[in-house]
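# predicted model and sequence below, questions to follow.
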Amino acid sequence: MSSRRRRVVVTGVGPVSPVGVGRQRFWEALLAGRSGTRALTSLPGGFPLETLRSRMAGVIPDTLLPEDERRTTDRRGLLAELALDLALRDADLRNLEGARSAVVVGNAVGAPMETEAAYVFRTRGEERHGPGGFLRQLSFHTVADELAARCGADGLVLTVSTGCTAALDAICTAFDLVRSGVAEIAVTGSAEAPLTPMVFASFDVIGATSRRNDIPTAASRPFDAQRDGFVLAEGAAMLVLEDLERARARGARILAELVGAASTSNAFHMTNLAPDGLSLARCIHQALDDARLAPEAVDHVNAHGSSTPQNDLCETNAVKAVLGPRARRITVNSLKSMLGHALGASNALEVAASALSLHHQRHFPTINLEEPGPGCDLDYVPQVERVASCGHLLKLSNGFSGIHSALLMAAL
């Protein structure tokens, strides 16, 4: 491994989302501003929906999944495998055999669907899984290990668990592995299937989810004056990252370049964010330093944009603190307005969408933004997509326990 910083590019994306599966359908849905959130009709185990604060979610319809993949067990694994296959195909690769590779996967909540089901069946004296089946699904590292085996990646395999920033932290780790020469190619991303009673109840306790159950498609409304919490979702995305020289040598299509990253802790509170955004601003400055860029280089921000009152104000203030007057001349958007919040996997979908934005030079809209909330006074690309010249894009994420993460991406 040399000390030379290699240039790292995105050559494949595999989004599996409530609005579309695969690069083309996903991108078309985003430009159209299509919502993937809907009312729930049931939860595993027959849990009474009426007891929940939020009774809606970003759900991936079975009609969007391959018919032979519509199994009911290990949904997290199903989404992850499909995302991997799509990303490899998008990168025009069959596998990673023979390459100096890495697999880095982020995960926030493990496999709650299988965990809860196993508990219920066991307490009833019934067998839920075959020998060893539940242990495999319970372990956080399982997805990364199985994806590595699926694509023939025999290099470094890592699992990153940092809550809502998990996918972005995994992607930034993979970026650093390729940039430093530890790997020449990496598969990275996340998959989450958190639509279970335990997860819903956990967020109910802290009042983090939206109560707008009457109109689920309008419930996730980042930066809007009427936002009242996020909409829980499932989803997955995997990305292929490559050394630029390797990608060009094989004639790969390049979607975007990764140029800088950082992660910090606000040392403030388990679930609250300081509204002044200064802790997040420090993370952004560190990412800019890592990329060797000045704040003036940022043309667009893809926000965490969770639709909670505190997050959206914190992000807005952080962007203004770093960019100063320029903050009002750039654009900001939130994918969660359409997909809801897929926890650790949300950032994987957002980085995939950001790569496509840079590639096509178009910004998808922040839907449901009708009247910006107090202090939310930037250009959030409301309602309608926009064509815009964008050289550098800043991707942000905030997570419980006070984690901030930032990734800088560039058009190429």
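Looks like it arrived, so ask away. Numbers count the residues shown, from 1 in each chain.
# can I get stretch 290-301 in PDB, CA atoms only?
Provided in PDB are the C-alpha atoms of stretch 290-301 (Å, rounded to 0.1, in the frame of the first residue of the first chain):
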ATOM      1  CA  ASP A 290     -10.300  16.000   3.600                       C
ATOM      2  CA  ALA A 291     -11.400  16.800   0.100                       C
ATOM      3  CA  ARG A 292      -9.000  19.800  -0.100                       C
ATOM      4  CA  LEU A 293     -11.900  22.000  -1.100                       C
ATOM      5  CA  ALA A 294     -13.100  25.500   0.100                       C
ATOM      6  CA  PRO A 295     -16.700  25.900   1.200                       C
ATOM      7  CA  GLU A 296     -17.300  27.900  -2.000                       C
ATOM      8  CA  ALA A 297     -16.900  24.700  -4.000                       C
ATOM      9  CA  VAL A 298     -20.200  23.200  -2.700                       C
ATOM     10  CA  ASP A 299     -23.000  23.600  -5.200                       C
ATOM     11  CA  HIS A 300     -25.700  21.400  -3.700                       C
ATOM     12  CA  VAL A 301     -26.500  19.600  -0.400                       C
END
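# any idea which residue sits dead centre in the protein?
N347 (1.9 Å; C-alpha atoms, centre = their mean).
# what sits against that one?
106, 164-168, 171, 190, 395, 397, 405 (C-beta atoms under 8 Å, 6 or more residues apart in numbering). The C-beta positions use only the backbone N, C-alpha and C, and glycine is treated the same way.
# got any ranges where the protein has weak pLDDT?
Applying pLDDT under 70 to the chain flags the ranges 1-2, 68-73, 119-122, 124-138, 269-271.
# apply 50 and report the result again.
Along the chain, the model assigns pLDDT under 50 to residues 130-132.
# show me where it has its helices.
23-32, 75-90, 112-123, 133-138, 142-151, 166-180, 197-205, 244-249, 278-291, 309-323, 336-339, 346-360 (DSSP state H).
# export these to CSV and tack on distance to V298?
Listed next are those as CSV, based on distance: least, C-beta to C-beta, whole Å:
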stretch, distance to V298
helix 23-32, 21
helix 75-90, 27
helix 112-123, 36
helix 133-138, 40
helix 142-151, 31
helix 166-180, 17
helix 197-205, 31
helix 244-249, 21
helix 278-291, 8
helix 309-323, 6
helix 336-339, 20
helix 346-360, 13
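# and of those helices, who's closest to P66?
helix 75-90 (7.1 Å; C-beta to C-beta).
# of the helices of the chain, which is nearest P372?
helix 309-323 (9.1 Å).
# burial check on the residue lying closest to E385 once chain neighbours are set aside, number of neighbours?
Using C-beta to C-beta, 6 or more residues apart in numbering and skipping residues adjacent in sequence, the residue nearest E385 is L31, 4.6 Å away. L31 has 17 neighbours, counted by other C-beta atoms under 10 Å.
# got it, and the one 3 residues further on?
Neighbourhood size, R34 [other C-beta under 10 Å]: 16.
# repeat that for G402.
Neighbours of G402 using other C-beta under 10 Å come to 19.
# now it: closest residue in space that isn't a chain neighbour?
Using C-beta to C-beta, 6+ apart, the closest residue to G402 is N266 (4.0 Å).
# who are the neighbours in contact with the one you found?
273-274, 279-280, 402-404.
# these into a markdown table, with extra columns for distance to A87?
As requested, these are exported to a markdown table (distance: C-beta to C-beta, whole Å):
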| residue | distance to A87 |
| --- | --- |
| L273 | 32 |
| A274 | 36 |
| S279 | 32 |
| L280 | 29 |
| G402 | 31 |
| I403 | 25 |
| H404 | 26 |
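# quick one: which two of those are the most distant?
Between all members of the contacts of N266, the farthest pair (by C-beta to C-beta) comes out as A274 and I403, at 13.4 Å.
# more crowded one of those two?
Neighbour totals were compared for A274 and I403, and I403 leads with 20 against 16 (other C-beta under 10 Å).
# how about the nearest residue to the more buried one, chain neighbours excluded?
For I403, the closest residue by C-beta to C-beta, 6+ apart turns out to be T165, at 4.8 Å.
# what is the neighbour count of that neighbour?
Neighbour tally, T165, other C-beta under 10 Å: 28.
# how near is it to A108?
9 Å (C-beta to C-beta, to the nearest Å).
# give me the common contacts of the two.
Common neighbours of T165 and A108 (C-beta under 8 Å, 6+ apart) are G344.
# contacts for stretch 40-50?
55-57, 59, 113, 116-117, 120, 195-197, 200.
# okay if I get those residues as TSV plus distance to A186 and neighbour count?
As requested, the contacts of stretch 40-50 are exported to TSV (distance: C-beta to C-beta, whole Å; neighbours: other C-beta atoms under 10 Å):
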residue	distance to A186	neighbour count
R55	39	17
M56	35	26
A57	30	27
V59	30	21
M113	28	26
E116	32	18
A117	33	20
V120	38	16
L195	29	21
T196	30	23
P197	35	21
F200	33	23
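# can you redo the residues you listed as a markdown table with distance to N317?
Listed next are these as a markdown table, based on distance: C-beta to C-beta, whole Å:
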| residue | distance to N317 |
| --- | --- |
| R55 | 32 |
| M56 | 29 |
| A57 | 29 |
| V59 | 33 |
| M113 | 37 |
| E116 | 38 |
| A117 | 42 |
| V120 | 44 |
| L195 | 32 |
| T196 | 34 |
| P197 | 35 |
| F200 | 30 |
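# farthest-apart pair in these, please.
Using C-beta to C-beta, those reach their maximum pairwise distance at M56 and V120, which is 23.4 Å.
# before we move on, back to that, most packed of the helices of the chain?
The highest average neighbour count among the helices of the chain, using mean count of other C-beta atoms under 10 Å, belongs to helix 336-339 at a mean of 30.
# I'd like to know which elements that helix is packed against.
Packing partners of helix 336-339 (3 or more C-beta pairs under 8 Å, 6 or more residues apart in numbering; DSSP states H and E): helix 346-360.
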